[in-house]
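> Fold the following for me, if possible:
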Amino acid sequence: MENPERLTIPASGLNLQADVAGPTDAPPVLFLHGSGQTRQSWGRALSEAARRGYRGISLDLRGHGDSDWSPDGLYGLQHFTADVRQAVDFIGNRPILVGASLGGLASMLVAAGEPSKARALVLVDITPRVEQSGAKEVIAFMESAPNGFASVEEAADAVSAYLPHRERPTNTNGLKRNLRLRNGRYYWHWDPAIRQMSRDVESKFAGPNPLESAARALTVPTLLVRGGRSRIVSETGVREFLEMVPHAEFVDISGAHHMVAGDANDAFNEAIFDFVARQI
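Residues are numbered from 1 along each chain as shown. Below is the predicted model of the structure:
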């Protein structure tokens, strides 16, 4: 695929940045990344969407990537969800929402609305039941370098320690897209204020929560994709979700961890685009 187009989407007074590929009049598929990730996480999925004749759109959430940071440090789930709703309105055609982790929670809340703004929903390794031990690992990584890195190589070492199952790339140029150079040091692309939103994980996800109500309200076609080695979504979490959403489909990508698209991209694309094709 040629380089995707850049699209600026206004939402909640912020400018959110997106990559877009595929025919302008084709059914849209909106990809939404997880906390600490960027729209670049969907690079190969975006290419596959365009190759299959869809209008692929991958969005940087507020405070991530090239999107604006919240001037008030507002990064609650309700703020991400409001942004996604406005992005869907801007696109102007009910998209299929494909959301990973944080992007999946926001997508689920949007899709569960009445009437739903989504044609269908794909949740990537996220359910209302989040395993706290795995969530805390994500938070610990996001908080592990408050003073940045002396070099891109140092940042690459940190990623390799966090994702030991992935081979460390010999060329770290791609990692630069996730870093910002300030005062001679490299910092992750996200607004440091984002870290605050996840520090009360236990209170957010212990016991019943509004996300369960949203799941039970889903009526659009839904697919849950889990990484077979995920520490965020357990088999128990999958069973509970399928009880809450009886019409949902489920695919387990064996060998993949939480970041399923990056760990097993071919299997991930096969699973989601088989589902997408049946919704158009």
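
> out of everything not next to it in sequence, what's closest to the residue nearest the centre of the chain?
Nearest to the mean C-alpha position of the chain, by Cα atoms, centre = their mean, lies residue 33 at 2.1 Å. Among residues not flanking residue 33 along the chain, residue 41 sits closest, at 4.7 Å (Cβ to Cβ, 6 or more residues apart in numbering). Bear in mind the C-beta positions are built from the backbone N, C-alpha and C, glycine included.

> Wait, a helix at that neighbour?
Yes. Counting by DSSP: H, G, I helix; E, B strand; the rest coil, residue 41 is part of a helix.

> Next, the contact list for it, please.
33-34, 58, 100, 259, 261-262 (Cβ atoms under 8 Å, 6 or more residues apart in numbering).

> What residues of stretch 171-186 count as buried?
172, 178-179, 186 (16 or more other Cβ atoms under 10 Å).

> go on, stretch 106-125?
Buried residues in stretch 106-125 (16+ other Cβ under 10 Å): 106-112, 116-125.

> And that stretch, how far out from the chain middle?
Counting by Cα atoms, centre = their mean, to the nearest Å, stretch 106-125 is centred 13 Å from the centre of its parent chain.

> how long is that stretch from one end to the other?
End-to-end span of stretch 106-125 (Cα to Cα, to the nearest Å): 13 Å.

> and if you look at stretch 216-235?
End to end - Cα to Cα - stretch 216-235 spans 19 Å.

> Off-centre distance for that stretch?
Taking mean C-alpha positions (Cα atoms, centre = their mean), stretch 216-235 and its chain are 13 Å apart.

> now do stretch 71-81
15 Å.

> Contacts made by it with the rest, please.
By Cβ under 8 Å, 6+ apart, the residues outside stretch 71-81 that reach it are 12, 61-63, 70, 102-103, 105-106, 109-110, 191, 193-194, 196-197.

> Which single one of these is nearest to residue 250?
For the contacts of stretch 71-81, the minimum distance to residue 250 (Cβ to Cβ) is 17.6 Å, reached by residue 105.

> burial measure for that closest one, as a count.
Other residues near residue 105 number 25, with proximity taken as other Cβ atoms under 10 Å.

> same deal with residue 275?
20.

> Same question for residue 58.
28.

> what about it, which SS state?
strand.

> Tell me the bridge partners for it.
According to DSSP bridges, the residues that bridge with residue 58 are residue 19, residue 31.

> what pLDDT, on average, does stretch 218-231 get?
The average pLDDT within stretch 218-231 is 96.

> list the buried ones in it?
Quick answer for stretch 218-231 (16+ other Cβ under 10 Å): 218, 220-227, 230-231.
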